[in-house]
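Novice: No letters, just coordinates:
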């Protein structure tokens with residue numbers, strides 16, 4: 001299973017989002033530290049979930065980072081996160 005699919009599955013399970021986008025931006029980082037020729041190292045996540053309602057941006061990001069801890073310690077080099085609690 002691709003890293004993007006694993007990220008999507010874990011976030012759907014953890015947060016039951018109303019919207020979720022997992023975007024592989026690895027091609028934008030070719031030649032940078034942590035980039036691999038095959039990609040799947042740099043991602044942008046946009047997620048809307050009631051779980052995030054009333055939480056600070058830092059709290060939301062920590063929750064996402066916790067859900068993806070295994071991937072952040074392995075194949076993912078960089079993760080940009082946009083959350084919404086709507």
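Specialist: Received, thanks. Keep in mind it's a predicted model, so treat the numbers as computed, not measured. Numbers count the residues shown, from 1 in each chain.
Novice: use CA for all of it now, contacts and neighbours both
Specialist: Fine.
Novice: Can you pull out the low-pLDDT segments for this protein?
Specialist: Along the chain, the parts satisfying pLDDT under 70 run over 27, 29-39.
Novice: ok, which stretches of it are strands?
Specialist: Counting by DSSP state E, residue ranges of the strands within the chain are 19-24, 42-48, 78-84.
Novice: With distance to residue 62 and mean neighbour count as new columns, can the ones you listed be given to me in a markdown table?
Specialist: Output for the strands of the chain, formatted as a markdown table (distance: least, Cα to Cα, whole Å; neighbours: other Cα atoms under 10 Å):
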| stretch | distance to residue 62 | mean neighbour count |
| --- | --- | --- |
| strand 19-24 | 17 | 16 |
| strand 42-48 | 13 | 19 |
| strand 78-84 | 10 | 17 |
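Novice: Identify whichever of those strands lies nearest to residue 60.
Specialist: Comparison of those against residue 60 by Cα to Cα identifies strand 78-84 as nearest, at 6.7 Å.
Novice: Give me the residues contacting that closest one.
Specialist: Residues external to strand 78-84 that are found in contact with it (Cα atoms under 8 Å, 6 or more residues apart in numbering): 41-50, 52-53, 57, 60-61, 72.
Novice: Could you tell me which strands sit next to it in the sheet, and their orientation?
Specialist: Each strand that pairs with strand 78-84, with its direction, by DSSP bridges: strand 42-48 (parallel).
Novice: coming back round to it: select, out of the strands of the chain, the one closest to residue 7.
Specialist: Proximity to residue 7, assessed across the strands of the chain by Cα to Cα, is greatest for strand 19-24 (7.4 Å).
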